[in-house]
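1. model the following, please.
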Amino acid sequence: MEIILKQDVPNLGQKDDTVTVKNGYATNYLIPQGLAILATASAKKIHAENIRQRAHKEEKFRSEATQTVNSLEVLDVIKIGAKTSSTGKIFGSVNNIQIAEALTEQGFNIDRKNISIVGEDNVKEVGIYEADIKIYKNIHAQIKFEVISE
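-> As a prediction, the model looks like this:
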């Protein structure tokens, strides 16, 4: 029996794959669990159209993400102020929340969950550091930020 997978199924295939399985496996498990649909002629046409539309939307998202990466790379070093001691140690730490706020001030709306500081979780001293920003699936941007004393 030929089916179209709606989700990833271990040892069988990935989402949107068309696979052939035994009749009992399809009718008793995959289809009732919502993991697959029967691959009829009309279902194949609908499936092909959905894949085509999804590819078009993904290309649009990728182009927007690439534009965002290009504009982020043009940025100079982002300055983040923090209260420090006389030795340059920060009271507390600078993390991805402060970086997201600084980027918002620059006009970029990036979620803090997509920002990671390269090499460290929190910055506890004054200096220049790098952050990796995940814009879209495999599209990342590297920015530099400087922690300065207020």
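
2. which residues in the protein form helices?
-> Secondary structure of the chain, counting by DSSP state H: helices at 23-25, 41-74, 96-106.

3. what comes up buried for the first one?
-> For helix 23-25, the buried set under the neighbour-count rule, 16 or more other CB atoms under 10 Å, is empty. Where C-beta positions appear, they are placed from N, C-alpha and C, glycine not excepted.

4. the last one now?
-> By neighbour count on 16+ other CB under 10 Å, the buried set for helix 96-106 is 96, 98-100, 102-103.

5. of these, closest to Leu72?
-> Checking these against Leu72 with CB to CB, the nearest one is Leu103 at 8.2 Å.

6. so who does the closest residue to the closest one other than its chain neighbours touch?
-> The shortest distance from Leu103 to any non-neighbouring residue, by CB to CB, 6 or more residues apart in numbering, is to Ile110 (5.3 Å). Applying CB atoms under 8 Å, 6 or more residues apart in numbering, we find Ile110 in contact with 100, 103-104, 133, 135.

7. one more pass at 7 Å, please.
-> By CB atoms under 7 Å, 6 or more residues apart in numbering, the contact list for Ile110 reads 100, 103, 133.

8. return the distance of it relative to Ser71.
-> Ile110 is 12 Å from Ser71, where distance means CB to CB, to the nearest Å.

9. that'll do, ta.
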